[in-house]
Structures are given as C-alpha cells and as structure tokens.
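# Make a model of this:
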Amino acid sequence: MKTITAALVIFTSCLTFFFHQTNNNSCNEIFSFQEEPKEAYDAFTFLTAMNAFPNADIPADGYAKAWQKHLEILGKPQQSGLRTAWQNLGPNNVGGRTISIAIDPVDTAVIYLGSASGGLWKSTKGGIGLNAWEYIPTGFPVLGVGAIAINPVNHNEIIIGTGET
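Now for the predicted structure:
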C-alpha cells in the first residue's frame with residue numbers, strides 16, 4: 001500500500017511539474033513577442049528610399065525646397081487645363097470598400113464589383129457615370145463579396161465567394 005501511495009504521489013508531482021512547465025512556456029511565448037528593432041529600422045529605410053527616389057537619401061534641405069515649390073505653384077495664376085475643379089464621375093449609388101472585381105472578357109464594359117459590406121454590383125458602362133452601378137441581388141443575405149468568377153463558357157453566369165481573407 002505504501003508503494004502504491006508513493007508511486008501515486010510521484011506520478012502526481014511529475015504531472016503537475018510537466019503541466020506547469022508547459023503552461024508557463026506557452027504563456028511566455030504568447031506574451032513575450034517583441035518586435036525586433038531591425039524590423040522598424042528596415043521599414044523606415046524602405047519608406048525613406050521610396051520618397052528619395054532616384055537619390056539614395058533625401059537631402060537636408062529637401063523638405064524646405066519642396067514646400068517652397070508647393071507655395072510657388074499654388075501662387076501662380078491658373079492656366080487652362082492645369083488646375084481645374086474636381087468633377088465627380090460617379091458612382092453616386094454605391095459606397096464603401098471594394099474587395100473583388102471581375103471584368104467580362106467578351107464585353108469589357110461589363111464590370112462586377114464585390115464590396116465589403118454592400119454585396120454585389122454590376123456596371124454595363126465600364127464603371128463610368130453617376131449612376132453606372134446597379135445592385136445585383138443574390139437571393140441570400142450576403143454582406144461581403146470577396147471573390148467573383150465569370151464562367152468562361154457562358155459569360156452571363158458568375159460565381160461569387162463571400163467573406164474576406
């Protein structure tokens with residue numbers, strides 16, 4: 001009886017120690033993530049190189065020169081065709097974030113758009129115009145349309161996938 005009790009105590013102690021170590025390691029792995037300083041530096045270097053193109057770096061007086069050029073352009077009188085007011089080309093009847101697009105291979109003026117929160121939309125005007133888009137009911141309570149495929153054999157048949165990735 002003493003042997004069984006001693007074995008049970010040792011077994012329970014080993015299990016407790018094992019689970020304690022496993023839980024501590026997983027918690028440490030989950031909560032100890034830290035961004036490496038090099039990652040932030042690499043991102044900053046990439047953005048600087050992108051803004052400095054074609055040079056290797058932005059000159060010390062580059063920002064001041066760019067601001068002066070901006071003020072110079074802003075102060076010039078308007079010349080025909082250079083600075084005009086924005087004109088809304090549409091659409092007026094749809095808004096939100098577009099997450100998928102498909103263009104009909106037979107008639108490129110037919111475009112399907114999937115929106116994140118507004119379902120499926122279709123344009124037969126190449127998407128140009130104030131009311132160029134019409135909502136296409138799917139028959140299901142669909143919010144986001146994340147994928148659109150046009151059947152290559154019958155371009156009047158489309159397949160949509162819902163959700164986002």
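
# From here on, just use CA atoms for contacts and neighbour counts.
Will do.

# Which residue ranges of the protein form strands?
Residue ranges of the strands in the chain, as given by DSSP state E, are 98-103, 111-115, 119-123, 133-136, 145-150, 158-162.

# Within the sheet, what are the partner strands of the shortest one, with directions?
This points to strand 133-136. strand 119-123 (antiparallel) (DSSP bridges).

# ok so, going back, got a markdown table for the strands of the chain, with mean neighbour count and distance to residue 65 too?
Shown next, in a markdown table, are the strands of the chain (neighbours: other CA atoms under 10 Å; distance: least, CA to CA, whole Å):
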| stretch | mean neighbour count | distance to residue 65 |
| --- | --- | --- |
| strand 98-103 | 18 | 37 |
| strand 111-115 | 24 | 41 |
| strand 119-123 | 22 | 45 |
| strand 133-136 | 16 | 44 |
| strand 145-150 | 20 | 44 |
| strand 158-162 | 14 | 49 |
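
# In a markdown table: these, plus mean pLDDT.
Below are the strands of the chain laid out as a markdown table (pLDDT from 0 to 100):
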| stretch | mean pLDDT |
| --- | --- |
| strand 98-103 | 93 |
| strand 111-115 | 92 |
| strand 119-123 | 90 |
| strand 133-136 | 89 |
| strand 145-150 | 93 |
| strand 158-162 | 92 |
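
# and residue 86, which of those is closest to it?
Among these, the nearest to residue 86 by CA to CA is strand 133-136 (20.6 Å).

# Any regions of the protein where pLDDT drops low?
1-2, 5-9, 11-36, 78-84, 87-95, 165 (pLDDT under 70).

# Mind jotting down where the helices sit in it?
2-31, 37-52, 62-75 (DSSP state H).

# Out of the strands of the chain, the one nearest residue 56 is which?
Nearest to residue 56, of these and by CA to CA, is strand 98-103 at 35.2 Å.
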